[in-house]
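1. Just need the structure, nothing else, for what follows:
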Amino acid sequence: MRVSELKQSIRQMRRVQSDSSKALSSALNRTIYGIGTEATRKTKERFFVKTADVKGTLRIRNAAPESLEASMTSISKNLPLMRFKTNPGKVPVRRPAATKSAVRRAGLTAVSGAFIARMRSGHIGVFKRMRSSRHKKVTRNGKTYWSGLPIRELYGPSVPGMMGSRKVIQHVEQEAKRRMETRLDHEINRLLR
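-> You can find the predicted model right below:
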């Protein structure tokens, strides 16, 4: 081996060493975005939830060459039951015999005492009368009507709760490992070219 070839190989080794943290951060970032997509897909596969409801809760923090750490978190409150599969799917003209709902991808189950209604604000949801509520005459703005309030809206699980199920977590961990290996191989090969 000649001295010039030796010097060139030493320069290449130094370049690879300095670029290795860039390659690792790039691999981490590509992996974390792929995991977000995979977690959304697996959650949708197990629950009746829309993609936008899941993706809207995800927060991804990218890795940098200085700090080789990427993270994905999901933060949300419980979703209204109307966001899942309900039957009827909109406000009915006449009240059906039973309001049915399904959160998991299984059959619909009847929710006793539940009804679908539109509030004055325009919000549509699945509601249930509180036990203490009785119909009573109420006068408001000179109009008298019967009120069955108070009522409360029914909710399903939160997105982090759905993503935290055992099968979703196992799948995401396996997928993260697989993706990281392939992305890291790709980035290292790109550096060596």
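2. Who are the packing partners of the helix or strand of the chain with the lowest mean pLDDT?
-> Least confident helix or strand of the chain, by mean pLDDT, DSSP states H and E, is strand 143-147 with a mean of 74. Packed against strand 143-147 by the contact rule (3 or more CB pairs under 8 Å, 6 or more residues apart in numbering; DSSP states H and E) you find strand 136-140. No exception for glycine: its C-beta is placed from N, CA and C like everyone else's.
3. just how off-centre is the strand it packs on within its chain?
-> Taking CA atoms, centre = their mean, to the nearest Å, the mean C-alpha location of strand 136-140 is offset from the chain mean by 42 Å.
4. Grab the longest helix from the protein for me.
-> As assigned by DSSP state H, the longest helix anywhere in the chain is helix 3-46.
5. quick check: mean pLDDT across that helix?
-> For helix 3-46, the mean pLDDT works out to 83.
6. roughly how far out does the following helix or strand past that helix sit from the chain middle?
-> Once the chain leaves helix 3-46, the next helix or strand it forms, by DSSP states H and E, is helix 51-55. Distance of helix 51-55 from the chain centroid (CA atoms, centre = their mean) equals 5 Å.
7. partners of the helix or strand following helix 51-55 in the sheet?
-> Toward the C-terminal end, the helix or strand that comes next after helix 51-55 (DSSP H and E) is strand 58-61. If you go by DSSP bridges, strand 58-61 pairs up with strand 71-74 (antiparallel).
8. any idea which residue sits dead centre in this structure?
-> V54 (2.6 Å; CA atoms, centre = their mean).
9. Return the distance of it relative to G89.
-> Per CB to CB, to the nearest Å, V54 is found 20 Å from G89.
10. show me where pLDDT drops low in the protein?
-> 1-3, 6, 13-18, 132-135, 146 (pLDDT under 70).
11. distance of G161 from A39?
-> When G161 is compared with A39 (using CB to CB), they lie 13 Å apart.
12. Having no further points to raise, I will conclude here.
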